[in-house]
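Undergrad: The following comprises the amino acid sequence and a computationally predicted model.
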Amino acid sequence: MLVCWGTTAFFARTMPNTFSSTFDCNLPAPPHPSALPAPLPAQGLRAGGWLRPWQERSDRVTPPRMAQLHRALGWVGVVVMVAFLAVSTQAQAQSLKGWADWKRSYLQADGRVLDTAQKNISHSEGQGFAMVLATAANDRAAFDTLWTWTQNNLASARNDGLLAWRWEPGRGVTDTNTASDGDIFVAWALVRANRQWKLPIHREQAARMARAIREKMVVDGTPWGTVLKPGVTGFDTPNGLVVNLSYWVFPAFEALNEVDPHPQWEALTRSGLRLTEIARFGRWQLPPDWLLLVNPLALSPQHPPRHGYDAVRIPLYLHWAGHTRTPADKARLEPFFKFWTQFDCAAFLPAWTNLLDNSIDSYGAEPGVAAIRTLVNTGKPPAKTPSATAQSYYAATLGLLVEVAAREGGKR
């Protein structure tokens with residue numbers, strides 16, 4: 001267990017067996033899910049409860065015609081009440097805390113998402129994140145503007161059903177290669193939009209994009225099964241294929257299989273789960289951001305040897321897809337818990353760790369990363385979150401994705 005004390009931040013370059021920082025707090029580490037109490041059973045309405053307006057009192061006599069009127073009015077009341085409850089439930093399910101604040105901070109009127117930490121560039125991943133969030137918020141106007149900008153600027157640069165991944169202010173598309181997670185999120189958002197707003201065109205668009213993803217970025221026949229390339233080009237290296245496990249968007253695969261039925265979608269789930277189990281490096285046996293598919297598995301020599309800003313999404317997607325319940329699920333998540341609970345000071349969580357020398361960053365993760373820890377530990381989002389303007393674009397976006405994953409976990 002790492003201990004936090006003092007008033008000035010200091011972190012060792014290399015993690016020894018015991019560790020001291022100088023971060024002042026006495027908060028306990030978050031509990032492991034197995035230590036959490038079981039949820040209370042839901043309680044339904046009592047048989048003699050208030051939802052029986054047609055029930056007559058036995059201590060008075062009502063004329064027959066009046067009794068019929070009372071019964072009729074009672075049934076009207078029931079219908080109105082049920083309709084009210086249905087509408088209220090739907091509104092509650094489709095609200096998204098923090099969405100309006102996020103839009104004011106990062107979404108332009110024309111539908112372009114601003115990555116403010118990277119000089120206001122836009123990318124397919126950001127557009128896809130926002131489109132999924134718009135469906136969760138039941139914000140069709142925002143969805144339409146996001147999808148229109150994405151088609152006009154990222155899809156038009158390729159004309160093969162996929163999206164150019166990077167767009168820069170004043171320059172337009174500066175990299176026409178793809179990012180498979182961005183394409184997956186956009187296709188998934190289109191499936192969700194069709195379910196929500198009953199527009200068949202979105203289903204057709206989702207099917208075309210899903211098919212293009214499979215044909216251009218899914219590879220069969222590897223020793224690890226069917227795998228996902230991070231992009232169409234640039235990842236088949238002389239050393240082997242480089243992949244990014246955070247691009248396996250587990251909650252999206254079943255939805256994409258609905259519009260593009262093919263065994264590869266289920267095969268991707270199997271390979272992603274398996275690779276998450278065996279791609280373990282460093283002191284905490286964590287999956288890296290970038291993985292070289294050789295035997296044995298290795299860190300990509302072309303990327304920093306870290307578990308960090310990409311790999312942190314792996315447990316988010318596992319929870320969102322419902323892969324948290326079985327003993328195998330819990331064993332898969334165990335390395336994340338060990339890393340998160342290594343620090344006795346719950347207010348500090350490293351944003352990354354170097355998987356070669358076990359060093360950690362000296363600033364700590366932003367609230368969006370901590371929100372993932374809270375979600376996987378408790379099944380709920382944090383009770384309080386900072387405003388979007390108090391965070392970076394990426395951290396604020398992770399926070400909203402956590403809100404949706406908490407609501408939908410296991411439901412796609």
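TA: Noted; the coordinates are in hand.

Undergrad: and residue 303, how many neighbours?
TA: Around residue 303 there are 15 other residues, counting by other CB atoms under 10 Å. Placement of C-beta: from N, CA and C, glycine included.

Undergrad: Repeat that for residue 280.
TA: 16.

Undergrad: tell me the contacts of residue 162?
TA: Residues counted as contacts of residue 162 (CB atoms under 8 Å, 6 or more residues apart in numbering) are 155, 178, 183, 209, 212-213, 216-217, 232.

Undergrad: Out of those, which two are the most distant from each other?
TA: When CB to CB is used, the two most widely separated members of these are 155 and 217, lying 15.5 Å apart.

Undergrad: what's near enough to touch residue 139?
TA: Taking CB under 8 Å, 6+ apart as the contact definition, residue 139 lies against residue 99.

Undergrad: and if you look at the one 3 residues further on?
TA: For residue 142, the residues meeting the contact criterion (CB under 8 Å, 6+ apart) are 103, 107, 111, 130, 134.

Undergrad: repeat that with 10 Å
TA: Listed by CB atoms under 10 Å, 6 or more residues apart in numbering, the contact set of residue 142 reads 99-100, 103, 107, 111, 130-131, 133-135.

Undergrad: which stretches of the stretch 51-200 of the chain form helices?
TA: The residue ranges that make up the helices of the stretch 51-200 of the chain, judged by DSSP state H, counting those that start in this stretch, are 64-94, 99-106, 124-136, 140-150, 180-197, 200-217.

Undergrad: Now flag whichever of the contacts of residue 162 is closest to residue 397.
TA: Each of those was checked against residue 397 using CB to CB; the closest is residue 183, at 17.3 Å.

Undergrad: State the distance from the closest one to residue 361.
TA: With distances taken as CB to CB, to the nearest Å, residue 183 is found 30 Å from residue 361.

Undergrad: Look at those two and report which has more neighbours.
TA: Neighbour count, other CB under 10 Å: between residue 183 and residue 361, residue 183 has more, with 29 against 15.

Undergrad: So that one is in contact with residue 124, correct?
TA: Yes - using CB atoms under 10 Å, residue 183 makes contact with residue 124 at a distance of 6.3 Å.

Undergrad: Mind listing the shared neighbours of these two?
TA: Both residue 183 and residue 124 are contacted by 154-155, 162-163, 165, under the criterion CB under 10 Å, 6+ apart.

Undergrad: Going by distance to residue 271, which of these wins?
TA: When these are compared for distance to residue 271 (CB to CB), residue 162 wins out at 20.8 Å.

Undergrad: So the closest one versus residue 362, what's the distance?
TA: Per CB to CB, residue 162 is found 38 Å from residue 362.

Undergrad: Kindly report the same for residue 149.
TA: Per CB to CB, residue 149 is found 37 Å from residue 362.

Undergrad: Repeat that for residue 315.
TA: Where residue 362 is concerned, residue 315 sits at a distance of 23 Å (CB to CB).

Undergrad: Where does pLDDT dip in the stretch 101-250 of the chain?
TA: Per-residue confidence for the stretch 101-250 of the chain (pLDDT under 70) gives no ranges below the cut-off.

Undergrad: wait, doesn't residue 276 sit right on residue 313?
TA: No - no contact is recorded between residue 276 and residue 313 when judged using CB under 10 Å, the distance being 11.7 Å.

Undergrad: Throw the contacts of residue 162 into TSV and include distance to residue 400, thanks.
TA: Written out in TSV, the entries for the contacts of residue 162 read as follows (distance: CB to CB, whole Å):
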residue	distance to residue 400
155	24
178	24
183	20
209	23
212	27
213	24
216	29
217	26
232	29
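
Undergrad: May I ask which of those residues has the most neighbours?
TA: Most neighbours among the contacts of residue 162, by other CB under 10 Å: residue 183, with 29 neighbours.

Undergrad: list the contacts for that one?
TA: For residue 183, the set of contacting residues under the criterion of CB under 10 Å, 6+ apart consists of 124-125, 128, 154-155, 161-163, 165, 209-210, 212-213, 216-217, 231-232, 247, 249.

Undergrad: what does residue 140 give?
TA: Residues touching residue 140, when contacts are defined by CB under 10 Å, 6+ apart, comprise 134, 193, 196-197, 199.

Undergrad: Give me the distance between residue 240 and residue 227.
TA: On the measure of CB to CB, residue 240 and residue 227 end up 11 Å apart.

Undergrad: more neighbours, those two?
TA: Neighbours per residue (other CB under 10 Å) separate residue 240 from residue 227, with residue 227 holding more: 23 against 17.

Undergrad: helices or strands next to the strand or helix carrying that one in the packing?
TA: Under the assignment given by DSSP states H and E, the secondary-structure element containing residue 227 is strand 225-228. Other elements packing on strand 225-228 under the criterion 3 or more CB pairs under 10 Å, 6 or more residues apart in numbering; DSSP states H and E are helix 180-197, helix 200-217, strand 218-222, strand 240-243, helix 263-278.

Undergrad: Following element in sequence after that strand, please.
TA: Toward the C-terminal end, the helix or strand that comes next after strand 225-228 (DSSP H and E) is strand 236-237.

Undergrad: quick one: the strands in the stretch 251-400 of the chain?
TA: If you assign secondary structure with DSSP state E, counting those that start in this stretch, the strands in the stretch 251-400 of the chain sit at 291-293, 298-299, 306-307, 353-354.

Undergrad: now, of these, which is deepest in the fold?
TA: A comparison of the strands of the stretch 251-400 of the chain by mean neighbour count, using mean count of other CB atoms under 10 Å, puts strand 306-307 on top with a mean of 26.

Undergrad: Direction included, what does that one pair up with?
TA: When pairing is defined by DSSP bridges, strand 306-307 lines up against strand 353-354 (antiparallel).

Undergrad: Now residue 179. Nearest residue, chain neighbours left out?
TA: Leaving aside its chain neighbours, residue 179 sits nearest to residue 165 (4.0 Å; criterion: CB to CB, 6 or more residues apart in numbering).

Undergrad: ok, that neighbour - contacts?
TA: Counting by CB under 10 Å, 6+ apart, residue 165 touches 122-127, 154, 157-158, 173-183, 230-232.
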